[in-house]
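Asker: could you look at this predicted model? Sequence included:
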Amino acid sequence: MVSSLGASAVLLFGMPASPMAQPWPVLAGTVISALVGAAVQVVIKDAAVACAVAVGVSVMLMVPLRCMHPPGAGIAAYVVLDHINGVDLVAFPILFNVMVLLGCAVVYNTMTGKRYPHPQHSLNKVSAQQDQGLFSSEDLDAALKHYNQVLDVSRADLEGLMHMAGRSAFNRSFGNKRCADIMSRPVFAVESDMPLKEAWALMQQKRVKALPVIDEREEVMGMVGISDFVVQAPAEQQGFVRRLRRMVMGSGGEAVGRVQDLMDAAPPMVRADCLLVDLVPQFSAGGCHHVPVVDELGKLVGIVTQTDLIRALSAAISVPAKE
């Protein structure tokens, strides 16, 4: 019995995060094994056979009851080999010693900065944004179901390790790239006092969907895009083309309005030396489609679009085809 409790102590103090070292497996696994050993020795008189049966039955019960604790099987063998009434041992000394052991484990792990009992499931639900990563909780559940083996690591720890490994692999292949590596150049920009007609013509000519707005020092003042024209087009005009023409040209064909009337005066901007991993949230959560890139003086040097970012991501995660 002492050797079995010693093995339990190794798990509780040395491997407190193990699923086999949690209070329920330790308590239930030990008690169930003692009762199984007591029952088997009554039915089977041969000590060797009874010992084997007791250990096997103990394991068979611990698996479905989710209380797998290997030292518990040692208790079953101890009860059979020493011909002890396991029922009398359950309350004292087995249950008493196990409770004392668990109490000491809680105190020791708390003092050493370890959490015990250790969480076996994720404490927080994965957010919708995180759930769109390399894998989801459902993917992990499917993998564990296919594996169909007992893992001596909690699901929460396994999921955390997989996420950290995914981030490490992502940073290794993609994390060192910067905005200057993928930005589009040269940049077609306009000034704030340019008529809307000319800005619209420039977007059509260069086949771009947004233009940075700069001042005389080439510093970014804002952004103007096709969506700005569409949103600000007067609703009283029937038809999309007529509304857009009325917005750009005016009712009589004369140019009306200037870029400063439509532009977004506070667009998100990034430095040329900004890491691409820091740029991803701008597109995924910020709702941006075009982000101006500036140098250390704040001057416009390029622009990064969603297409540029997706192309870089595709190159980072693509696997070369086997010949």
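Answerer: Arrived safely.

Asker: every contact and neighbour count from this point should use C-alpha atoms.
Answerer: Noted.

Asker: now do the helix or strand hosting Thr30: which elements does it pack against?
Answerer: In this assignment (DSSP states H and E), Thr30 forms part of helix 23-43. On a contact count with 3 or more C-alpha pairs under 8 Å, 6 or more residues apart in numbering; DSSP states H and E, helix 23-43 meets helix 47-62, helix 70-81, helix 86-89, helix 96-111.

Asker: could you report the pLDDT at Met164?
Answerer: pLDDT for Met164: 82.

Asker: ok, now which ones touch the nearest residue in space to Ala180 that is not next to it in sequence?
Answerer: Leaving aside its sequence neighbours, Ala180 sits nearest to Ala272 (C-alpha to C-alpha, 6 or more residues apart in numbering; 4.8 Å). Listed by C-alpha atoms under 8 Å, 6 or more residues apart in numbering, the contact set of Ala272 reads Arg178, Cys179, Ala180, Val293, Val294, Asp295, Val301.

Asker: mind redoing it with 6 Å?
Answerer: Cys179, Ala180, Val293, Val294, Asp295 (C-alpha atoms under 6 Å, 6 or more residues apart in numbering).

Asker: in terms of pLDDT, where does it sit?
Answerer: With respect to pLDDT, Ala272 scores 93.

Asker: one more: Glu159?
Answerer: 84.

Asker: just checking, it is part of a strand?
Answerer: No - assessed with DSSP: H, G, I helix; E, B strand; the rest coil, Glu159 is helix; it does not lie in a strand.

Asker: need phi/psi at the residue nearest to Ala180.
Answerer: Per-residue torsions, Ala272: phi -60, psi -30 (degrees, to the nearest 10).

Asker: from Val304, how far off is it?
Answerer: Counting by C-alpha to C-alpha, to the nearest Å, the gap from Ala272 to Val304 is 10 Å.

Asker: for Ile226, find the nearest of the helices and strands packed on helix 23-43.
Answerer: Of all the helices and strands packed on helix 23-43, helix 96-111 sits nearest to Ile226, with 58.9 Å by C-alpha to C-alpha.

Asker: downstream of that closest one, the next helix or strand is which one?
Answerer: With elements assigned by DSSP H and E, the helix or strand that comes after helix 96-111 is helix 137-147.

Asker: other residues contacting that following helix?
Answerer: So helix 137-147 is contacted by nothing (C-alpha under 6 Å, 6+ apart).

Asker: avg pLDDT for it?
Answerer: On average, helix 137-147 scores 83.

Asker: how far does it sit from its chain's centre?
Answerer: Distance of helix 137-147 from its chain centroid, counting by C-alpha atoms, centre = their mean, to the nearest Å, is 15 Å.

Asker: check which residues of it are buried.
Answerer: Within helix 137-147, no residue is scored as buried using 16 or more other C-alpha atoms under 10 Å.

Asker: the bottom helix or strand of the protein by mean pLDDT?
Answerer: helix 240-249 (a mean of 54; mean pLDDT, DSSP states H and E).

Asker: OK, contacts around Leu279?
Answerer: Taking C-alpha under 6 Å, 6+ apart as the definition, Leu279 has no contacts.

Asker: now the helix or strand containing it: buried residues?
Answerer: Following DSSP H and E, one finds Leu279 within helix 276-284. Neighbour counts over helix 276-284 (16+ other C-alpha under 10 Å) mark Leu276, Val277, Leu279, Gln282 as buried.

Asker: ok, stretch 56-70 next?
Answerer: Result for stretch 56-70 [16+ other C-alpha under 10 Å]: buried residues Val57, Ser58, Val59, Leu61, Met62, Cys67, Met68, His69, Pro70.

Asker: try stretch 296-304
Answerer: Those would be Gly298, Lys299, Leu300, Val301, Gly302, Ile303, Val304, for stretch 296-304 by 16+ other C-alpha under 10 Å.
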